[in-house]
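> sequence first, then the predicted structure, then my questions.
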Amino acid sequence: MYAALLSNRYLTSRLIPFIAIAAVALCVALVVTVVSVMTGFLNMLKDSGRLIVGDVILSTGIGGMPYADEFVADLRGLSGVQGASPLIDTIGLLRMPYPVGNQKEIAHVQVWAVDPVSLATVTDYAEDLYWKPPADAAAKAAMAADDPRLQLDASILQDGARLIHSKTGTPGIALGMHVSVGNARQRDGSYLPRYGWFMPGHDVTLTVVPVSGSGKIAEPREQSFTVVNEVQTGIYEVDKNRVYIPLHEGQRLLRLDEAPLFDLSAEPDALGNYPIIGKTPARVTKILVRAKAGITARELRDRVEAEYFAFGKRMKSDPTRTAKMPEFVSVLTWEQQLRDLITPVEKEREMMRVLFSLIYLVCAGLILSIFWAIVIEKTRDIGILRSVGASRLGVLWIFLRYGLIIGVVGSALGVLLAWGVIRNINAIHEAIGSDAPPAIWIGTFVLAGLSALGLLRAIWVGKLLALLLWTLATGVLALVGTALALHHGTLIWDPSVYYFTIVPDQVDWTTAWSTALGGVLFSVIGAAIPAAKAADIDPVEALRYG
Amino acid sequence: MGENSLGAILDARSVRKTYTFGALPVEVLRGADLAVNAGEWVAVLGSSGSGKSTLLHLMGGLDRPDAGDGEIHFRGSPIAATHGKRLDAYRNRDIGFVFQFYHLLPELNVLENAMLPAMIGNWFPNRARRKQAESAATALLESFGLGHRMLHRPAQLSGGERQRVAIARALANAPPVLLADEPTGNLDVKTGAGILDLLAKRHANGLTIVMVTHDPLVAARADRIVKLIDGQVETGCVLP
C-alpha cells in the first residue's frame, strides 16, 4: 500500500506530472478529434452515397437488359424489397444556353435516363430537387426584385419529379447542381443564381452516342430538353456531372427502345425490308433496388442476384421471348458500387490515424524523460525504501503506477476535451470564421498589460527566470491580442468552397476508447524504463550518493 | 535455527568487501569479525573511511560480502544466502536502520514515515492493517514526544525531531536489531545525548543495537566498543 501512497504523493507534490498529464490529454484529444471528424465526413459521404443509388445496383453491359419492367415488377414482389427502379446510365455532351452568342459551352455529363417516380422510391431524388418556390412572404421579401426565384411556383417541384416541362410539354432535364455555372454556393451552403443564368426554364441540347450490343457505334443523336429543376445529392462528383432525363427519351436516343424484330434469314421484299417476326423489348442498363428496414444491403444483393438468375432461366425457357437476357450482370451493394468514392476517404482517415498516432511516441518519450529525471531525483528515496524492506518489484510498481495514473487521467481528460471540441466544433468553426468580439481582444491586451507589470517587477527584483517568463507571457498575450484585433474571420472549411455545410460533430467512440487505451499503454511504456532503472538501483549507492 | 551457541544474534565472520572506483579496487573490509549478542549494544568505533558503514550495510542485508569471503549470520542463518523476498523481509522485520542524515521521505508526513515499514510489509491496501500500523506508529511517536508533529513534513522538523522519527520508523515493525549509522553525527551534543537516551531506553527493553560512530563519547554509551582499523575489527575490544 506504500506504492499507492508514494505514487500519489509524487504526483501531487510537483508540477511536472501535470505537464505530462496535459501532454497525454492533448495527444489523445488530437487523435480523437481528427479521426472523429474524418469518420464523420466518411459517414456523411456514405449516407449521401446510399441515398443516390439505393442499396443494391444491378448493372448490365452497354447492350442493356430486356424485359426490365417484368423483372422490376418481380423485384418489387420480393420480400425485403422496398422499391426498384430501372434506368440507363451513359455519357453525353450537353450544350448549355450560355454564353450569349453562337459559341455555347459544352459540358460532358453522365446521363441517367430514369423513371423519376420509381427512382424516388429508391433514392432521395425527389428530396434532392433543389429549387423550390419561396417558403413565405418573408422569404420573398428577402429576395431582390429581379431574382428569378420569385417566379417559381409549385410546378418547379412537380416538373422536376416528373421530368416534364408542364408549360410547354417538352421533355425535362434535371441538372446536377454544379453542371451549370449559374449557381453560386454561399457560406451557409445554399445557392444563389449568378451571371443571370438561372437554369430552370432554359433549353439545353443533349448529345449521346448509341452503341449496339456488339459494341458498334452508331450516329450520335441529340435532343433538346428544358431544364425543369436542379439536383443536389450531397456528393460533389455526382452533382458536377450528372443529368437526369426521362427513361423513354433515353431509350429512344440510345436505340434501346422497343423496336420491330426482323427475320434476317428470310428474303427481303421488293423494298428491301426483311419480314417482321416480332418485337425487341426496350432495355435498361441498371436497376436500383432499395431494401426494407432490417434488411442489409448484402442480404438484398444475394436475393436480387438469385432472382435475376431465376428470371433469366424463365425467359430462356420461354420460346415467345425473342430477346436474350445478358449472361453477365454485376450485382453490387451501394458500398461496393461507390468504392471509388469511399475508399480514398477511408484510406485518408486511416493515414491520418496512423500519422497522428505517431504522437504516442512523443508522449511516451516525454513521460520517459520526465520519469527519468524523477528517478534520478528520487534515488535516495529508493535507497531508503530498500533499506526498510521494499522489494525491487515494489519500487518498480511505484513508478509504473505513477505512469499508469498519468496515462489514465491524461487519456480521460483527452477524451473529455475531444468530446467538448467535437460537440462544439461548428460553433468553434463559426467563431473562427467571424470577427473576434472586441471584449476578447481588449481583455487580452489588458492581460498583456498586467503581464508587463510583472515583467517590470522582475526587472526590479533582478530575477532572471521571472524576467524570462513574464517577457514570454507579455509577448504572447500581445501577439494574440493583435491577431484577434486584426482577425476578420477565416472559415477553415468554407462551405462556398468545400462541399459540406456542417463539420461532423459526433465523437467516434470506438476511436476514442482505443486511443485512450493507447494513451495509457504508451504512458506505462514510457514509465517502465525509468521504473526498471529505479528498481535496479543499488540501495547502498543510493544511500551514499543519492 | 535459534541463536548460536555463543548467543550471537548477528554474527559477521571474516567478512571482506571490495569496492571498485573506476579501475581502482579498494578493499574496505579485510576479514572483519563481529558477533553481537542478543540484547547487546555494540559500538563500532572507527575513523572516517574505515569501513564502519560498509560493515553495517552488510549486516543489514543492504549489501553482500565479496563472493566466498565471509558470511553474516542472523540467528544462526547466513543472510548472504538469502535472496529476493526473504532478504526484503529480513530488512523489513528483523532489522531497523537509523542513518546519520535521517533519510526521511520528504513527501510523507511524520506519521506516514514512521508507518513506512509496516506498510511495506503489507503489499495490498487493507484498511484494518493500515489502522493497526497507524496505531502502533502513533504510540511510538507519542512515546518519543512527537505526538504534536504527526502531520508535519520532515522539512518542518528540527534535526533531533527528524532523527527521532527515523528511529520510530526503524522500530515500527519491532525488529530485534537496530543498526545505527552515526545516529548523532549530524546533531549538536545536547540533542545527540537525547537521541542516545532514547536508544538506551529501548536497549533497556531488550533491543539489540549495533551503532557505528567515530566519536568515543558516543561510543561510550554502548555495552561494548569495538574498533575498526584497516578493515578489520580489532580483537582487543574496548570496554566503556
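Great, that's in hand. Numbering: from 1, shown residues only, chains lettered A, B, ... in the order given.
> which parts of chain B sit against chain A?
Near chain A, the residues belonging to chain B are B:53, B:57, B:60, B:62-63, B:84-85, B:88-93, B:97, B:99, B:103-105, B:107-108, B:112, B:116-117, B:119-126, B:129-130, B:169-170 when assessed by CB under 8 Å from any CB of the partner chain. For the C-beta atoms, the positions are set from N, CA and C on the backbone; glycine is no exception.
> hmm, try it at 6 Å
B:57, B:62-63, B:88, B:91-92, B:97, B:103, B:105, B:107, B:116-117, B:119-120, B:122, B:125 (CB under 6 Å from any CB of the partner chain).
> contacts only, for the most centrally placed residue in chain B.
Among the residues of chain B, the one closest to the centroid is residue B:179, at 1.7 Å (CA atoms, centre = their mean). With contacts defined as CB atoms under 6 Å, 6 or more residues apart in numbering or on different chains, the neighbours of residue B:179 are B:56, B:60, B:95, B:97, B:210.
> and the fourth one, that one's in a helix?
In other words, residue B:97. No: secondary structure assignment (DSSP: H, G, I helix; E, B strand; the rest coil) places residue B:97 in strand, not in a helix.
> quick one: low-confidence parts of the stretch 101-250 of chain A?
A:213-214 (pLDDT under 70).
> picking that back up, Serialize the contacts of residue B:179 to CSV and add fields for pLDDT and neighbour count.
Shown next, in CSV, are those (pLDDT from 0 to 100; neighbours: other CB atoms under 10 Å in any protein chain shown):
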residue, pLDDT, neighbour count
B:56, 92, 24
B:60, 92, 26
B:95, 93, 28
B:97, 92, 25
B:210, 95, 26
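> a markdown table for these, including distance to residue A:210?
Supplementary listing: these in a markdown table, determined by distance: CB to CB, whole Å:
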| residue | distance to residue A:210 |
| --- | --- |
| B:56 | 104 |
| B:60 | 101 |
| B:95 | 101 |
| B:97 | 100 |
| B:210 | 109 |
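> now the helices: where do they sit in the stretch 401-546 of chain A?
According to DSSP state H, counting those that start in this stretch, the stretch 401-546 of chain A carries its helices in the segments A:425-432, A:438-461, A:464-486, A:509-536, A:539-545.
> which among these is found nearest to chain B?
With CB to the nearest CB as the criterion, chain B lies closest to helix A:539-545 of the helices of the stretch 401-546 of chain A, at 4.7 Å.
> touching chain B at all, the closest one?
Yes: contact between helix A:539-545 and chain B, assessed by CB under 6 Å from any CB, occurs at A:539, A:540.
> CA-only coordinates of that helix in CSV, if you can.
These are the backbone C-alpha positions of helix A:539-545, laid out as CSV (Å, rounded to 0.1, in the frame of the first residue of the first chain):
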residue,chain,number,x,y,z
PRO,A,539,20.5,0.7,-2.2
VAL,A,540,23.9,1.3,-0.8
GLU,A,541,24.9,3.5,-3.7
ALA,A,542,21.6,5.3,-3.4
LEU,A,543,22.0,6.0,0.3
ARG,A,544,25.6,7.0,-0.1
TYR,A,545,25.4,9.3,-3.1
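> give me the pLDDT value at residue 52.
Going with chain A. The score at residue A:52 is 83. That number is its pLDDT.
> I was after chain B.
Per-residue pLDDT puts residue B:52 at 90.
> what does residue A:47 give?
Note for residue A:47: predicted pLDDT of 82.
> touching chain B at all, the helix or strand hosting it?
Assigned by DSSP states H and E, residue A:47 belongs to helix A:16-53. No: Helix A:16-53 stays clear of chain B (CB under 6 Å from any CB), getting no nearer than 12.3 Å.
> in contact with the residue in chain B positioned nearest to chain A, which residues?
Of all residues in chain B, residue B:92 sits closest to chain A, with a separation of 2.4 Å (CB to the nearest CB). For residue B:92, the contact set (CB under 6 Å, 6+ apart) comprises A:389, B:117, B:120, B:121.
> most tightly surrounded among the helices of the stretch 401-546 of chain A?
Of the helices of the stretch 401-546 of chain A, the one with the most neighbours on average (mean count of other CB atoms under 10 Å in any protein chain shown) is helix A:509-536, at a mean of 21.
> that one: how far from the chain's middle?
For helix A:509-536, the separation from the chain centroid amounts to 33 Å (computed by CA atoms, centre = their mean, to the nearest Å).
> that one packs against which elements?
Packing partners of helix A:509-536 (3 or more CB pairs under 6 Å, 6 or more residues apart in numbering or on different chains; DSSP states H and E): helix A:16-53, helix A:359-377, helix A:392-423.
> with distance to residue A:230 and mean neighbour count added, can I get those helices in JSON lines?
Shown next, in JSON lines, are the helices and strands packed on helix A:509-536 (distance: least, CB to CB, whole Å; neighbours: other CB atoms under 10 Å in any protein chain shown):
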{"stretch": "helix A:16-53", "distance to residue A:230": "15", "mean neighbour count": "21"}
{"stretch": "helix A:359-377", "distance to residue A:230": "44", "mean neighbour count": "19"}
{"stretch": "helix A:392-423", "distance to residue A:230": "33", "mean neighbour count": "22"}
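> that older thread, selection in ChimeraX covering whichever of the residues of chain B next to chain A are buried, please.
The following ChimeraX command selects only the buried members of the residues of chain B next to chain A, with burial defined by 16 or more other CB atoms under 10 Å in any protein chain shown:
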select /B:57,62,63,88,91,92,97,103,105,107,116,117,119,120
